[in-house]
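J.: structure here, sequence nowhere to be found:
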């Protein structure tokens, strides 16, 4: 069975959403599983699947869970349109190209795999003997697990996410304290980036569980949203603060490259250092000064355009914090009232940081 950490295909995610609990298609699939009749379903455009069809009957009726359940009692495959809203053929024999490699041993599963590889289709094979639903899309084979098993894994992942998020909060608080003192090293930045990416990876794993859980995953989704507030935005702000100017501030590219690192590479700092645009430097000794994006976005009601104008005008967070209210007010989009809010915001952030560090 395909490993879950490899489930990154958009096509597979769409397929899982189509058959998620709470959908009418899943209701029909569950009925077929319970009846132990087995079945083979193909979701494709008529013109693509037509050359593979032999025999059967044309029905062309709107989808209905009960009708699909009854049709599955026949031996042949059932053909539906791409979104499953129409059932087009039933009891058909599928004749895919036999030269297409298949790792399956059973006739039904082997046919399903070859059809999915030959045409642009989602194919679902329902085992009569083992109560197993297998999805085939492109060259991917994915076995749907029982809801209880997925819920258990999702809850375990949430517990892990809470621990990693706690550690991320610690290193983020430490980075904020160092930013106020203008004493940041590259190692401090790398620690936050590393922990942020670890948290994001666990979150992506939980997101896939939520897709597969369908209507059963709403509570998991609520917990995930609460834990992930501002994590992606904070990581982007860190990158905007510290990626060297000579790297072109390719923040989106850096974030994408971080996501491609293997788990082993993520545990070491050298690959992250290179992605951020630093070469041949001692992370523990190399001093950095933030531009101010991360800290400024923590001040309430401060638009992104104003934050950008402040960074362009002053260049560094330390210069922004040391600027007078009058100097801040002269920046485009700031004004007297907002300049006062910025000065007060820095004071509150410093006090909050002290509370978070020392309780």
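T.: Okay, I see it. Computed from a predicted model, the values in this text were never measured in an experiment.
J.: and the strand or helix carrying residue 192, what's its mean pLDDT?
T.: Counting by DSSP states H and E, the element that carries residue 192 is helix 186-213. Across helix 186-213, pLDDT averages out at 95.
J.: likewise for stretch 37-52?
T.: Model confidence over stretch 37-52, given as mean pLDDT, is 94.
J.: tell me where the stretch 151-300 of the chain has helices.
T.: In the stretch 151-300 of the chain, the segments counted as helices under DSSP state H, counting those that start in this stretch are 186-213, 218-227, 231-242, 251-260, 263-267, 270-275, 293-296.
J.: highest mean neighbour count out of the ones you listed?
T.: Mean neighbour counts were taken over the helices of the stretch 151-300 of the chain using mean count of other C-beta atoms under 10 Å, and the top value, a mean of 24, falls to helix 293-296. Placement of C-beta: from N, CA and C, glycine included.
J.: so how far is the helix holding residue 192 off the chain centroid?
T.: 9 Å (C-alpha atoms, centre = their mean, to the nearest Å).
J.: who are the packing partners of it?
T.: Taking 3 or more C-beta pairs under 8 Å, 6 or more residues apart in numbering; DSSP states H and E as contact, the helices and strands that helix 186-213 lies on are helix 10-18, helix 147-180, helix 218-227, helix 231-242, helix 251-260, helix 263-267, helix 270-275.
J.: which residues are in contact with the last one?
T.: The reference is to helix 270-275. Outside helix 270-275, the residues within contact range by C-beta atoms under 8 Å, 6 or more residues apart in numbering are 186, 190, 193-194, 197, 254, 257-258, 261, 265-266, 279, 281, 283.
J.: just for the stretch 201-350 of the chain, where's the confidence low?
T.: Residues of the stretch 201-350 of the chain that meet the criterion pLDDT under 70 lie in 246-249.
J.: switch the cut-off to 90
T.: Screening the stretch 201-350 of the chain residue by residue with the criterion pLDDT under 90, one finds the ranges 208, 244-253, 277, 279-280.
J.: before we move on, back to that, so which of the helices of the stretch 151-300 of the chain comes closest to residue 156?
T.: Each of the helices of the stretch 151-300 of the chain has some distance to residue 156 by C-beta to C-beta; the shortest is helix 186-213, at 9.9 Å.
J.: next, the angle helix 251-260 makes with that closest one.
T.: Computed with axes from the mean of the first three to the mean of the last three C-alpha atoms, to 10 degrees, the direction of helix 186-213 lies at 70 degrees from that of helix 251-260.
J.: so which residue is dead centre in the protein?
T.: By C-alpha atoms, centre = their mean, the chain has its centre lying nearest to residue 204, at 3.8 Å.
J.: so how far is residue 161 from that residue?
T.: 11 Å (C-beta to C-beta, to the nearest Å).
J.: what about residue 60, helix or strand, and which?
T.: In this assignment (DSSP H and E), residue 60 forms part of strand 57-62.
J.: ok now stretch 107-127, how far from the chain's centre?
T.: How far stretch 107-127 lies from its chain's middle: 27 Å, per C-alpha atoms, centre = their mean.
J.: which other residues reach it?
T.: For stretch 107-127, contacts defined as C-beta under 8 Å, 6+ apart pick out 11, 15, 18-19, 29, 32-33, 37-45, 48-49, 52, 72, 77, 82, 94, 96-98, 100, 102-104, 106, 132-139, 141.
J.: mean confidence for it?
T.: Here the mean pLDDT over stretch 107-127 is 94, rounded to a whole number.
J.: buried sites along it?
T.: Buried residues in stretch 107-127, counted by 16 or more other C-beta atoms under 10 Å: 108-119, 121-127.
J.: before we move on, what about stretch 38-45?
T.: Of the residues in stretch 38-45, those scored as buried under the neighbour-count criterion (16+ other C-beta under 10 Å) are 38-44.
J.: format the residues you listed as TSV; extra columns: distance to residue 347 and secondary structure.
T.: As requested, these are exported to TSV (distance: C-beta to C-beta, whole Å; DSSP: H, G, I helix; E, B strand; the rest coil):
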residue	distance to residue 347	secondary structure
38	69	coil
39	66	strand
40	67	strand
41	63	strand
42	64	strand
43	59	strand
44	62	coil
